[in-house]
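S.K.: here's my sequence, what's the structure:
(chains A, B, C and D)
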Protein chains: 2
Amino acid sequence: MAQSSRGPAVRRARHEPPPTLATVADEAGVSRQTVSNALNNPELLRPETLTRVREVIERLGYSPNRAARQLRTRSSHLLGLRFEQAQEGTTNALMDRFLHSLVEEVSRTGHHVLLFSGDPEDPLDGYDDLLRSTAVDAFVVTDTYAGTPQAGFLQSRGAPFVAFGRPWDDPDATHAWVDVDGAHGARVATEHLREQGHQRIAWLGWDRSSRLGEDRRAGWKAAMAGSGEDLRSLSARIDDDLDAARLAAHRLLDEAGVTGFVCASDTLAIGVLHACAERDLRPGPDVGVVGFDDSLAAQVTWPGLSSVRQPLEEVAVQLVRVLHLVLAHKPIGERGLLLPPRLVVRRSSRRS
Amino acid sequence: MAQSSRGPAVRRARHEPPPTLATVADEAGVSRQTVSNALNNPELLRPETLTRVREVIERLGYSPNRAARQLRTRSSHLLGLRFEQAQEGTTNALMDRFLHSLVEEVSRTGHHVLLFSGDPEDPLDGYDDLLRSTAVDAFVVTDTYAGTPQAGFLQSRGAPFVAFGRPWDDPDATHAWVDVDGAHGARVATEHLREQGHQRIAWLGWDRSSRLGEDRRAGWKAAMAGSGEDLRSLSARIDDDLDAARLAAHRLLDEAGVTGFVCASDTLAIGVLHACAERDLRPGPDVGVVGFDDSLAAQVTWPGLSSVRQPLEEVAVQLVRVLHLVLAHKPIGERGLLLPPRLVVRRSSRRS
DNA sequence: GCCTAGCATTGGAACGATCAACAAGCGGGG
DNA sequence: CCCCGCTTGTTGATCGTTCCAATGCTAGGC
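M.R.: Model (predicted):
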């Protein structure tokens, strides 16, 4: 068993209580506080004392009891994340990718991620309990898509948090946030299609009530500005449904002479691909299609679906960076941070 | 703001410390212990005392401090889960679905899920730290695909845990586990294709070293037993790669006269669909194809990919049930529990 | 009237860490 | 010679909860 890299080869008997500060102190012939300092303020110890204490710690396989430390310092080193299923416009795989990066990132500073759930009807459910029981140091709020009661609530409580997602409804919000610039992604996708020679490029997105969808649509609109096209006739707002997208694509192909599609999701984009197949149009050479989120489906669909990939790893890095500033009561530079996604080009959008 | 369902309308000033047992006790005119009993052993109190204490608790918005409780009772009400990215044979979306159910399920008993990460090279990394610092009550081990050093390690430590995944290498393992019966899933898929009139049904799976893959393959093999077919010529073991699957499908179609494919993953199955498209074979009427995991890709791929869907919600329920038995030192009935997956039939496997 | 049993409630100690204050040793300046 | 400051280390108190043993009180039996 590969033990070397993991620490001491301690084999405690089953259920024997783990060593405490006092155990280590006795064994090393120093006081409790000295052991504590060896861990938290090693520069206070004389080098030889330090090594002696560290030796004992290593030998006994001692780790400070988190509960006791938390009780005294009022810091649990836990970050709360309300874990919802399948939010609007985000496939499950997205959350998984983000979460992994987040866990990885917070572990660098000895923190962990605590997942909790709550009544889907009440976006605030769950936060309060953890707050009152001082179970977490801070929150990472991810479900801010439709209004953000969480932000206001947590701020009124004085609870530290950072949000993944903009405060759409409240431009004056003072909390820290990180988000992906969906408009930028859609703009890059649209420009890419224009470079491929497409002129009448349609937007296929969700209902107007979706802030996420409207943000992305704005990018398409910006890229199409000055094209002389009538944007109204090139835009369709539908449910995130394969078949709805297929029908909408047929209509846009028939009525608006569209040759390019920028879509708010991979599901919608694949609906367009289906429509193309039904008309013997070749995705790529004949019709340019770009989706959003770079899901597994985009990767395996024939002939390969170009898609806008969100920089979730970077989002996690930035969230954690800002979170540490917030926890240290340091000023955060920019209140909000918009990260640009990256276009992954596959054959569905390449002419040649 | 919907406050009613969430508890008391407490508005504490920013950073004012939350109330403690002593605060509540003073306010209610009883001792600390009585308040504690009101929470943990309400039957010990006289009804009128109980309601009085509860009123104060409600009014102050009191929740017991988790750290203090954990220190005293040595139970954190946290379950550790090492969160790896993309394990063999499982797409990210799977983990997300499972995790959500798990979080939901453990919350019923006031528990939470703590995610941690570890060096991908060392399957034991991370467990030891949490154990020594008594940060979690138990573990849910999910990455037991290739041998299970975790199980042995945790047992030697006397740490409570349940595994999602069989102890492949050690049939005598005594720990509790829950797993999905991949063989059953593949068998049902194969029988489904036979019912549709297919006779020469191929297996498209992973390398022999994959226990998960071989388990599923066994189900195909069992369903094909007695068919009189030469199974060896009907079986292909390849990487989990779209193109590898496409090529293998062409070969099986050419050389073995195959009309049905049972695949170890949706990626492989979609590779088969690509091969069909290249030969103008219609998935469904001409060739039956079934994948595994019911990913988003299976749902959106034309013409709809039949797929074996894992009962992850039920896995979570059972894991938590068993975990509570383990934590209570009660005997668990069956050491292991195999749950049958369900076949989701779409057009790729329907003749009509 | 006294003893016992049972009930409701109480006060002290403990969990294992950190914080605050202080003590011992030592060298240097007035 | 004394005082001061610096380094190094110690001791008691504390965080907020639950466990343990003991308390006051009432009712019942003899």
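S.K.: could you find the closest non-adjacent residue to the residue positioned nearest the centre of chain A?
M.R.: Geometric centre of chain A, nearest residue: A:Phe98, 4.0 Å, by C-alpha atoms, centre = their mean. In this structure, A:Phe98 finds its nearest non-sequential neighbour in A:Leu312, 4.2 Å apart by C-beta to C-beta, 6 or more residues apart in numbering or on different chains. C-betas here are computed from N, CA, C, even on glycine.
S.K.: got phi/psi on that neighbour?
M.R.: phi -70, psi -30 (degrees, to the nearest 10).
S.K.: and it, what is it in contact with?
M.R.: A:Leu94, A:Arg97, A:Phe98, A:Ser101, A:Val180 (C-beta atoms under 8 Å, 6 or more residues apart in numbering or on different chains).
S.K.: let me see the mean pLDDT of whatever helix or strand the first one lives in.
M.R.: Secondary structure here is read from DSSP states H and E; on that basis A:Leu94 sits in helix A:92-107. Averaged over helix A:92-107, pLDDT sits at 90.
S.K.: now for the contacts of A:Leu312: which two are most distant?
M.R.: Spanning the widest gap among the contacts of A:Leu312 are A:Ser101 and A:Val180, at 13.1 Å by C-beta to C-beta.
S.K.: who has more neighbours out of these two?
M.R.: Of the pair A:Ser101 and A:Val180, A:Val180 is the one with more neighbours under other C-beta atoms under 10 Å in any protein chain shown, namely 24 against 21.
S.K.: the more buried one and A:Gly213, how far apart?
M.R.: To A:Gly213, A:Val180 is 13 Å away according to C-beta to C-beta, to the nearest Å.
S.K.: got it, and A:Thr142?
M.R.: 18 Å.
S.K.: could you list the low-pLDDT ranges of the stretch 151-300 of chain A?
M.R.: Low-confidence segments of the stretch 151-300 of chain A (pLDDT under 70): none present.
S.K.: and the strands in it?
M.R.: A:161-164, A:176-180, A:201-205, A:235-237, A:260-263, A:288-292 (DSSP state E, counting those that start in this stretch).
S.K.: any chance of those strands in a markdown table with distance to chain B as columns?
M.R.: Listed next are the strands of the stretch 151-300 of chain A as a markdown table, based on distance: least, C-beta to the nearest C-beta, whole Å:
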| stretch | distance to chain B |
| --- | --- |
| strand A:161-164 | 14 |
| strand A:176-180 | 17 |
| strand A:201-205 | 14 |
| strand A:235-237 | 18 |
| strand A:260-263 | 12 |
| strand A:288-292 | 10 |
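S.K.: am I right that A:Glu214 is in contact with A:Asp207?
M.R.: No. Contact criterion C-beta atoms under 8 Å: A:Glu214 and A:Asp207 do not qualify, at 9.2 Å.
S.K.: which one's more surrounded, the two?
M.R.: A:Glu214 (19 against 12).
S.K.: burial of the residue lying closest to that one once chain neighbours are set aside, as a residue count?
M.R.: Using C-beta to C-beta, 6+ apart and skipping the chain neighbours, the partner closest in space to A:Glu214 is A:Arg208 (6.5 Å). Residues lying near A:Arg208 (other C-beta under 10 Å) number 10.
S.K.: how close does A:Arg208 sit to A:Gly260?
M.R.: 22 Å.
S.K.: same deal with A:Val290?
M.R.: Taking C-beta to C-beta, one finds A:Val290 at 8 Å from A:Gly260.
S.K.: what sits against A:Ser209?
M.R.: Neighbours of A:Ser209 in contact, by C-beta under 8 Å, 6+ apart: none.
S.K.: that one and B:Gln33, how far apart?
M.R.: On the measure of C-beta to C-beta, A:Ser209 and B:Gln33 end up 53 Å apart.
S.K.: same check, this time on A:Ala275
M.R.: A:Ala275 is 71 Å from B:Gln33, by C-beta to C-beta.
S.K.: these two: who's more crowded?
M.R.: A:Ala275 (23 against 11).
S.K.: got the contact list for the residue lying closest to the more buried one once chain neighbours are set aside?
M.R.: Sequence neighbours aside, A:Ala249 is the residue nearest to A:Ala275 in space, at 3.7 Å (criterion: C-beta to C-beta, 6+ apart). By C-beta under 8 Å, 6+ apart, the contact list for A:Ala249 reads A:Leu204, A:Phe261, A:Gly271, A:Val272, A:His274, A:Ala275, A:Cys276.
S.K.: and for A:Ala269?
M.R.: Going by C-beta under 8 Å, 6+ apart, A:Ala269 touches A:Leu204, A:Ala245, A:Phe261, A:Cys263, A:Val289, A:Val290, A:Gly291, A:Phe292, A:Ala298, A:Leu305, A:Ser307, A:Ser348.
S.K.: just the closest of the residues you listed to DNA strand C, please.
M.R.: DNA strand C has its nearest neighbour among the contacts of A:Ala269 in A:Phe292, at 46.2 Å by C-beta to the nearest atom of the strand.
S.K.: number of nearby residues for the closest one?
M.R.: 30.
S.K.: now the closest residue to DNA strand C within the stretch 101-250 of chain A, nearest residue through space, not along the chain?
M.R.: Using C-beta to the nearest atom of the strand, A:Gly110 is the residue of the stretch 101-250 of chain A that sits closest to DNA strand C, at 11.5 Å. Among residues not flanking A:Gly110 along the chain, A:His77 sits closest, at 5.7 Å (C-beta to C-beta, 6+ apart).
S.K.: now do A:Pro311
M.R.: Leaving aside its sequence neighbours, A:Pro311 sits nearest to A:Leu339 (C-beta to C-beta, 6+ apart; 5.1 Å).
S.K.: same deal with A:Ala297?
M.R.: Nearest residue to A:Ala297, sequence neighbours excluded (C-beta to C-beta, 6+ apart): B:Ala297, at 4.1 Å.
S.K.: distance of that neighbour from A:Leu78?
M.R.: As judged by C-beta to C-beta, B:Ala297 and A:Leu78 stand 35 Å apart.
S.K.: which of the two has more neighbours?
M.R.: B:Ala297 (27 against 23).
S.K.: who touches that one in this structure?
M.R.: Here B:Ala297 is in contact with A:Ser295, A:Leu296, A:Ala297, A:Val300, A:Thr301, B:Asp266, B:Thr267, B:Ile270, B:Leu305 (criterion: C-beta under 8 Å, 6+ apart).
S.K.: same question for A:Val141.
M.R.: A:Arg82, A:Thr148, A:Gln150, A:Ala151, A:Leu154, A:Phe161, A:Val162, A:Ala163, A:Phe164, A:Gly165.
S.K.: turn these into JSON lines, columns for neighbour count.
M.R.: Conversion of those to JSON lines gives the following (neighbours: other C-beta atoms under 10 Å in any protein chain shown):
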{"residue": "A:Arg82", "neighbour count": "21"}
{"residue": "A:Thr148", "neighbour count": "23"}
{"residue": "A:Gln150", "neighbour count": "23"}
{"residue": "A:Ala151", "neighbour count": "24"}
{"residue": "A:Leu154", "neighbour count": "22"}
{"residue": "A:Phe161", "neighbour count": "24"}
{"residue": "A:Val162", "neighbour count": "26"}
{"residue": "A:Ala163", "neighbour count": "25"}
{"residue": "A:Phe164", "neighbour count": "21"}
{"residue": "A:Gly165", "neighbour count": "23"}
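S.K.: out of the residues you listed, who's nearest DNA strand D?
M.R.: Of all the contacts of A:Val141, A:Leu154 has the smallest distance to DNA strand D: 20.5 Å, by C-beta to the nearest atom of the strand.
S.K.: still on that earlier bit, quick one: the residue nearest to A:Gly110 and A:Arg69, what's the gap?
M.R.: For A:His77, the distance to A:Arg69 equals 8 Å [C-beta to C-beta].
S.K.: this completes my enquiry, with thanks.
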